[in-house]
Each structure stands twice: as structure tokens, then as C-alpha cells.
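In: okay, sequence plus prediction incoming.
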Amino acid sequence: MVIQELSSLINIESLISNALIPCIISIIGIMLSAYIAKRISEKRNKQETTVNLISEYNSFEFTTHRREADNLLKNNIHMGLKELRNKYPKECVSVDLILRFYTRLNYFTRKGMIINKDICNEFSDNFYHFFYFHFRESIPNDWEAFEKLQNLGYWFKKQLKIEEHTDLMDNKKEKREIFLKSK
């Protein structure tokens, strides 16, 4: 009888080990597959967001708005954005679109939803131009947009090599000073 009970126990242990090990391996495989799928999906989403931002920024319509905003801000360089909006409400639409774009870009960078290198390559020069040539002096410091642009500037600073950041920043500040002297 003892032998029979031992024999049935061994069969149960054998059955458990034969079923349990493949089950554990299957669970690990499912978890690993889910993790890999999530990582691939995140990478694809980052690529898609990055490409969409670049496409939007380089579209004919947005390029036109960038040029109009730059001209409006240059021609009224001594005016703050509040005053500019009151005096030229229609023309300020282009300025507002640029501001909104950069505040969205700030959101995407903060959330890690973009490919950093591609964003830096595509936007750093134009961002530094708009921020250091125009917005830093024309947007009131207590506006939420100013804080978001400043945060985006810090993000670019962290992403770029220190020499690139310094060169871009100094170049835009110098161009502003030269432009101001010519007015």
C-alpha cells in the first residue's frame, strides 16, 4: 500500500513538473513578447510623431507663417507681444502658430515622445532664432508660453553639445544686437 501511494505521488509530481515547467516557460514567453511589442510600438510612435512634426514645420503653409512671424517681429522689435497683438491682431496669427508649435514640441520632449537627435537636427537653429532673437524679449516672463519655451531651450541645451548650444545662442543674440543697432 505504501508503495502504491508513493507511486501515485511520483506520478502526480511528474505530472506537475511536466505541466508546470512548460506553463512557466509559456508565461515568460508571453510576457517577453508583450514587452517587445510595447517597445516596438513606442519606437514607431516616436518616429511617427517626429516625422509629423518635421512635416508640419516644413510645410509650405507653416514656412509662410514662420516668415510672416519673423518679419512682423523684426519690424516691431521694440514691441512686446501683448502690444503687438493689440496693434496687429490678424498678423499675430502667424506668431501664435509658431508659439503653439514650440509649446507642443516642449510637451513632446518632456514626455519623451520624439526622437531627440532628429528633433535637434531639424529644429534647434530655428528655435534658437525665434527664442533668442524674438520671444525671449517680447513675451512677458509671467506667461505660461514663456516658461514652456524656456523649458524647451533647456531641453535643447541638454541635447546639444555645449559648443553647439553656445554658438547657436551667441549667434542669435549677436544678430539681434546688430539688428537693433541698425534700427
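Out: All right, it came through fine.
In: what residue is smack in the middle of this protein?
Out: Closest residue to the average C-alpha location of the chain: T109 at 2.6 Å, with Cα atoms, centre = their mean.
In: and that residue, what does it touch?
Out: 116, 119, 152, 155 (Cβ atoms under 8 Å, 6 or more residues apart in numbering). Every residue, glycine included, has its C-beta placed from N, CA and C.
In: wait, S124 touches L168, no?
Out: Yes - S124 lies in contact with L168 (Cβ atoms under 8 Å); the separation is 6.3 Å.
In: show me where pLDDT drops low in this protein?
Out: For the chain, the stretches with pLDDT under 70 are 1-19, 183.
In: again, only using 80
Out: Low-confidence regions of the chain, defined by pLDDT under 80, span residues 1-23, 169, 180-181, 183.
In: how about the nearest residue to K175, chain neighbours excluded?
Out: In space, and not counting its chain neighbours, K175 is closest to F133: 6.2 Å by Cβ to Cβ, 6 or more residues apart in numbering.
In: and for the one you found, the neighbour number?
Out: For F133, the neighbour count with other Cβ atoms under 10 Å is 21.
In: how far away is it from N106?
Out: Going from F133 to N106 by Cβ to Cβ, to the nearest Å gives 18 Å.
In: all helices in the protein, in order from the N-terminus.
Out: Ranges of helices in the chain, per DSSP state H, are 2-58, 60-75, 81-87, 92-110, 116-128, 136-138, 144-159, 162-182.
In: the second one: how far from the chain's middle?
Out: From the chain centre to the centre of helix 60-75 is a distance of 22 Å (Cα atoms, centre = their mean, to the nearest Å).
In: for that helix, buried residues please.
Out: Counting neighbours by 16 or more other Cβ atoms under 10 Å, one finds that the buried residues in helix 60-75 are 62, 65-66, 68-70, 72-73.
In: and it with helix 116-128, angle?
Out: Taking axes from the mean of the first three to the mean of the last three Cα atoms, to 10 degrees, helix 60-75 and helix 116-128 form an angle of 40 degrees between their directions.
In: cool, the last one as well?
Out: Orientation check (the same axes, to 10 degrees): helix 162-182 against helix 116-128 gives 20 degrees.
In: quick check: buried residues in helix 162-182?
Out: Buried-residue list, helix 162-182, by 16+ other Cβ under 10 Å: 164-165, 168-169, 172, 176.
In: now render these as a markdown table, adding distance to S26.
Out: Rendered in a markdown table, the data for those read as follows (distance: Cβ to Cβ, whole Å):
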| residue | distance to S26 |
| --- | --- |
| E164 | 50 |
| H165 | 50 |
| L168 | 53 |
| M169 | 55 |
| K172 | 58 |
| R176 | 64 |
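In: ok, and for stretch 82-98, which residues are buried?
Out: Neighbour-count burial for stretch 82-98 flags 84, 88, 91-92, 94-95, 97-98 (criterion: 16+ other Cβ under 10 Å).
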